[in-house]
Structure formats: C-alpha cells, structure tokens
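Undergrad: What shape does this take:
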Amino acid sequence: MKWQMKWSRIIAVLRKEVFHILRDPFTLALALALPLILVLVFGLAIEFNIRELRMAVHDGDRTYQSRGLTEVLGSSGYFKLTNEVSPVAAMGALEGERAKAALIIEKNFGKQLGSEQVARAQVLLDGSDNSTVGLILGYLNGVQKIAEHKFLPEVASSNLEIRTKYLFNGELNSRWFTVPGLLAIVIAILSILLTSLTIAREWENGSMELLLSTPIRPLEIVIGKLVPYLVLGLGAATFVYLLARLGFGVPFRGSHFVLIPGVLLFITAYLTQGLLISVITRRQQLAMQLSMMTGLLPSILLSGFIFPIENMPPFFQVFTSILPAKWFIQISRGTFLSGSGFAELATPFLALFVLNGVLIMLATKNFKKDLEP
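TA: Numbers count the residues shown, from 1 in each chain. Sure, this is the predicted structure:
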C-alpha cells in the first residue's frame, strides 16, 4: 500500500505537469518548432568545405602552361576565377574584398617550366579572414600536385607514393559531422531551458509552496516534474535522428542500444541542471539567463560541436570535461559515423554517469532544503 501511494503521488504531479505543458503555448512551440529550426539552420548553413572561392588571376605569360595552370584551378571546383588585366587590378580585387585570393603569373612562366629553372607563380591571400586561409592552402597543395602530374610527369613520379583515404566520412561531408552533434544542442536547449523556466514560474506564482502542505516527498516531486520533459527530450532526439537519416542522408553505423542509453544519460543531466537552476534562481528571467550561460552557450562553443577541443587553450580543454555536451557529442558522432560500441565509448559514458550523480545530488539536496521545514 505504501508503494502504491508513492507512485500515485508521482503520477499526480506528473499529470499536473502534463496539463501545464499542454496549456502553455510557449512550451509547446519551443518543444515542437525549435528542433526543426535548429536542424535546418545548422544543417544547411554550416559548411566547412568551402567551394568556389573567388580568386583574381593575372596571366602575364599567356602560354599553354599558364593557361593549363588556371584551368586546373578552375576545374577543381574550389575556386571561381576572374581574369584581371594587371597585377595591380588583381591586388585591387583582393583589397576590395571581391576576391579571397589573387594568382599572379609572370612572364616567362612557360619557358621556365620547360627548362631546368624553377617556374614560380605567386598566390596572395586575404589574411584578415583566417577561417578560409587554411582551407585555401590545403586546396592549393592539391592543385599543385595535379599540375605537376600534368606538366612534369617525369618529376612527379617517384618510388614513393603516399595515398590518403578518409575513414568514416569519405566525402568530408560537413553535414555528416554537424547534424549528429545537433542532438546535443537540441536536447540541451529543451531540457535545461524548459525545466528551469517552468519550475521557476511555479516558484514565482507561489504554487510550489502548496506542496508543503501535502505528504508528497521531494524526490516524488522531482520525478513527477521531470518525466514529461524527459519524454519531450526523447521526442526531440527521435525527430533529429529521423531528419539526419532521411533528410540529410547521414549514415548510422553503430548500435541503437549504445546511442539510446547515451541519450537518456544526457537528457537526465540537463533536466537535473535545469531543476537546480530553478531552485537557485526562483525567477524566470534569471533562470533563462543562467540556462543560456551554463547550458546553451557552452554546448555550442565549448563542446566540440563546431570548434575542436584539441585546439583550445589547456585550461578550456580541462574545463570542457564538466560539460555533459562534450561527452554526448562523442557518443553521438561515434555511433553515427564510426560505429563505436561501449568499449570505445567507455570514457564518455563514465563521464556522463559521474556528472549525472553530481547534478542529481546537488539538485535533490537544494530542492529538499527548500521544501522541508
């Protein structure tokens, strides 16, 4: 009887929270529209492999060899060439931001290429946009090798040949890299923001104090309030998964029995963090601000979603270890692209277990302190 009464109290709180969500248009709009908007914006807008970079070209040689070099550049698909009448005009296109790079081919380029001399062509890059400089240099190295095979096959051929093969994402498709990471962003926003706002609203309205006059225990309140948002988080994760597979063609090489526990651990971590924020702030405005500062921004900027953690300063590499999003992104991308199992993902799963334990302990302790006299 005691066990039955316990679950009846949990179900009562759960039903109340479900009715509250259904009556709140903001919560429904955020839960239904936000995953679609985020996936479309990030999935379609973020592209790491930039193509058709504008390049101004001055061909001062006008020979078969110089025209062949520009043809190799243009046919690569990486550059969109525009011819300029002089080196000054090519430089002007770079300064006027009409081009990201400028190629200057001086006179006697073809003659030097046919002799034992070194044929040189100068490429000027816009260093103010350092996000594309590395890409352009990588593209130019590939174009140079193609040009060497075309014009100097006897020099290009040797006893040493290095071939590169890309594993897990052979086409270097940016969406295959981005969309699995969106699982973390969507779940983080829905879980931490909705939980902190809705419970903080009850603190503001005074309805939370009514629980003091009931026999409902703090843990029962926590479970009853968090379960609806757990369901919303799972629904959003399912939606992003289907959109990734059917809309963007992202492969799934792992096991769903590995991904689903990772999703559950990640949702629980951010639901508990949202509960902790609501208990600390008790105000919707403060809860939203703190949710953005501790949930959304770190999940996007410091989790490895866009920027590699390995390239961050040592302090931030250590700091990111307390972010659940970092570990879940490893699980998501590992199961989607690499086909990783529990053995390969043992560290991320262990980290999520530890973070869940810490957050649940803090949230339950503070919640119990506020409810019990």
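Undergrad: where's residue 145 relative to residue 67, distance?
TA: Distance check for residue 145 against residue 67: by CB to CB, to the nearest Å, it reads 19 Å. Where C-beta positions appear, they are placed from N, C-alpha and C, glycine not excepted.
Undergrad: Residue 79 too?
TA: In terms of CB to CB, residue 79 sits 15 Å off from residue 67.
Undergrad: before we move on, what about residue 260?
TA: 57 Å.
Undergrad: Just give the nearest non-adjacent residue to the residue nearest the centre of the chain, would you?
TA: Centroid-nearest residue in the chain, with CA atoms, centre = their mean: residue 305, separated by 2.8 Å. Nearest residue to residue 305, sequence neighbours excluded (CB to CB, 6 or more residues apart in numbering): residue 181, at 4.4 Å.
Undergrad: which element is that neighbour on?
TA: Element membership for residue 181, per DSSP states H and E: helix 174-188.
Undergrad: which residues does residue 98 contact?
TA: Residue 98 sits next to 54, 56, 82 when contact means CB atoms under 8 Å, 6 or more residues apart in numbering.
Undergrad: ok, 10 Å please
TA: Shown in contact with residue 98 (CB atoms under 10 Å, 6 or more residues apart in numbering): 54, 56, 82, 92.
Undergrad: ok, so of these, who is nearest residue 170?
TA: Distance to residue 170, by CB to CB, is smallest for residue 54 among the contacts of residue 98, at 27.8 Å.
Undergrad: List phi and psi for that closest one.
TA: Note on residue 54: backbone dihedrals following degrees, to the nearest 10 are phi -70, psi 130.
Undergrad: you'd agree it is up against residue 84?
TA: No: the pair residue 54 / residue 84 is not scored as a contact, 11.8 Å apart, by CB atoms under 10 Å.
Undergrad: Looking at those two, which one has more neighbours?
TA: Taking other CB atoms under 10 Å, residue 54 and residue 84 do not tie; residue 84 has more neighbours (21 against 17).
Undergrad: Strands of the stretch 1-150 of the chain, start to end?
TA: Secondary structure of the stretch 1-150 of the chain, counting by DSSP state E, counting those that start in this stretch: strands at 53-59, 79-83, 101-105, 122-125.
Undergrad: Would you reformat the ones you listed as JSON lines and include distance to residue 173?
TA: Converted to JSON lines, the strands of the stretch 1-150 of the chain look like this (distance: least, CB to CB, whole Å):
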{"stretch": "strand 53-59", "distance to residue 173": "18"}
{"stretch": "strand 79-83", "distance to residue 173": "20"}
{"stretch": "strand 101-105", "distance to residue 173": "24"}
{"stretch": "strand 122-125", "distance to residue 173": "26"}
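Undergrad: and of the ones you listed, who's closest to residue 8?
TA: Checking these against residue 8 by CB to CB gives strand 53-59 as the closest, at 64.7 Å.
Undergrad: Flag every buried residue along that closest one.
TA: 53-59 (16 or more other CB atoms under 10 Å).
Undergrad: Let me know the angle separating it from strand 79-83.
TA: Between strand 53-59 and strand 79-83, the angle comes out at 40 degrees (axes from the mean of the first three to the mean of the last three CA atoms, to 10 degrees).
Undergrad: what's strand 53-59 packed up against?
TA: Helices and strands touching strand 53-59, by 3 or more CB pairs under 10 Å, 6 or more residues apart in numbering; DSSP states H and E, are helix 64-75, strand 79-83, helix 87-95, strand 101-105, strand 122-125, helix 130-151.
Undergrad: gap between the fourth one and the chain center?
TA: Same thing as strand 101-105. Here strand 101-105 is found 35 Å from its chain centre; the criterion is CA atoms, centre = their mean, to the nearest Å.
Undergrad: Sheet-wise, list the partners of that strand with their directions.
TA: strand 53-59 (parallel), strand 122-125 (antiparallel) (DSSP bridges).
Undergrad: Would you mind putting the ones you listed into CSV with distance to residue 300 and mean pLDDT alongside?
TA: Below are those laid out as CSV (distance: least, CB to CB, whole Å; pLDDT from 0 to 100):
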stretch, distance to residue 300, mean pLDDT
strand 53-59, 26, 87
strand 122-125, 28, 84
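Undergrad: okay, those in TSV with distance to residue 319 next?
TA: As requested, the strands paired with strand 101-105 are exported to TSV (distance: least, CB to CB, whole Å):
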stretch	distance to residue 319
strand 53-59	35
strand 122-125	33
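Undergrad: re earlier: with neighbour numbers in mind, choose between residue 79 and residue 67.
TA: Neighbour count, other CB under 10 Å: between residue 79 and residue 67, residue 79 has more, with 25 against 14.
Undergrad: That one against residue 136, yeah?
TA: Yes: counting by CB under 10 Å, residue 79 touches residue 136, with 8.5 Å between them.
Undergrad: Cool, thanks, talk later.
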